[in-house]
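have a look at this prediction, sequence included:
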Amino acid sequence: MATYNVTQMRRIVLRKWDASTSTWDVQTIEPDSLGQDTIGSINIAPRKRTRNSAVGTTETPISGTLSAFAGSITFMLDTWEVLGKAINRWNAATYDGAVSANGNITDADQNACNEDYYSVIMQGICDDGSTTDIELTRCIPSVDDAIEIGTGETPTVTLNLNPIIYNATLHTGDGYPAYSYRMGDNSLVEKQRLNASTGAYVAVGGSE
C-alpha cells in the first residue's frame, strides 16, 4: 500500500471513548467547514524483506508489519472553529446571536501533555453506508505547522494525526476497534452508517 489522498469527504468524525459511560465523545468537522481544499492523507506501507539471488534483488512484504503508518488532514483555516474541533479544544460561544464559528481555543482545564487518543473517521462524500469510510483507530492529533495570519491569503494548517499501531497486549478492552486502520465497511454482515451524533455505527435505516 502507499499514500492515499482523500480530497472529497462527507465529514470527519473524531471520537473519543469514555469508559465511565461506555459512550463516544464526538467532535465533527462538517462539509461547510471542510470545503473543497481539505485533503486527508493516509500512508500505510508494510516492511519489506530484501533478498539477493542470481537474478537480482527482490523485495517482499513481511506480513503483519508496517514500516510507515501516518495520517494527516490539511485544511483552510477560515476560523479557529475547525482547528478547535479537530483537537477537541473548541469552546463554542453562547451569547445572543453567536454562530458556530464564534468561540475560542484555550488551555483552561486541559492538560497540555494529555495523550488520550481518538478514532478518526473520514466519511465518503457520496456513500449512504460505510463502504468508502477510512478509519485510523487510535490517533493523538497535533499541529506542527506555522500558521501565518495577515498575509491576505487564507491560512492552511496540517493536523498530524499520529496514528498508533494496534497492540493486543496494550489495547485489548480499551473500547476501540481491535485493529490499527480500516478502509471500507464497518460490518461485513450488515450495511452500516456512522451516527455522527453518537459516534456509533448503526444499521442503515437508523438515525444518522
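Done, it's in.

show me where this protein has helices.
31-34, 80-86, 168-171 (DSSP state H).

among the ones you listed, show the one with the smallest mean pLDDT.
If those are sorted by mean pLDDT, helix 31-34 sits at the bottom with a mean of 79.

mind giving me the packing neighbours of that helix?
strand 9-18, helix 80-86 (3 or more CB pairs under 8 Å, 6 or more residues apart in numbering; DSSP states H and E). Any C-beta I mention is one placed from the backbone N, CA and C, and that applies to glycine too.

where in the chain is the helix or strand with the lowest mean pLDDT?
strand 56-61 (a mean of 71; mean pLDDT, DSSP states H and E).

spatially nearest residue to residue 176, not counting backbone neighbours?
residue 137 (5.1 Å; CB to CB, 6 or more residues apart in numbering).

can you get me a residue count around that neighbour?
When neighbours are defined as other CB atoms under 10 Å, residue 137 has 23 of them.

report the central residue of this structure.
The centroid of the chain falls nearest to residue 120 when counting by CA atoms, centre = their mean (2.6 Å).

quick one: residues contacting the residue of the chain positioned farthest from its centre.
Ranking residues of the chain by C-alpha distance from their mean position (CA atoms, centre = their mean) puts residue 54 at the top, at 45.0 Å. With contacts defined as CB atoms under 8 Å, 6 or more residues apart in numbering, residue 54 has no neighbours.

ramachandran coordinates for it?
phi -70, psi -20 (degrees, to the nearest 10).

again, but for residue 200
Torsion angles, degrees, to the nearest 10, at residue 200: phi -100, psi 150.

number of nearby residues for it?
15.

can you offset everything so residue one is 41?
Understood, numbering begins at 41; the last thing we discussed is residue 240.
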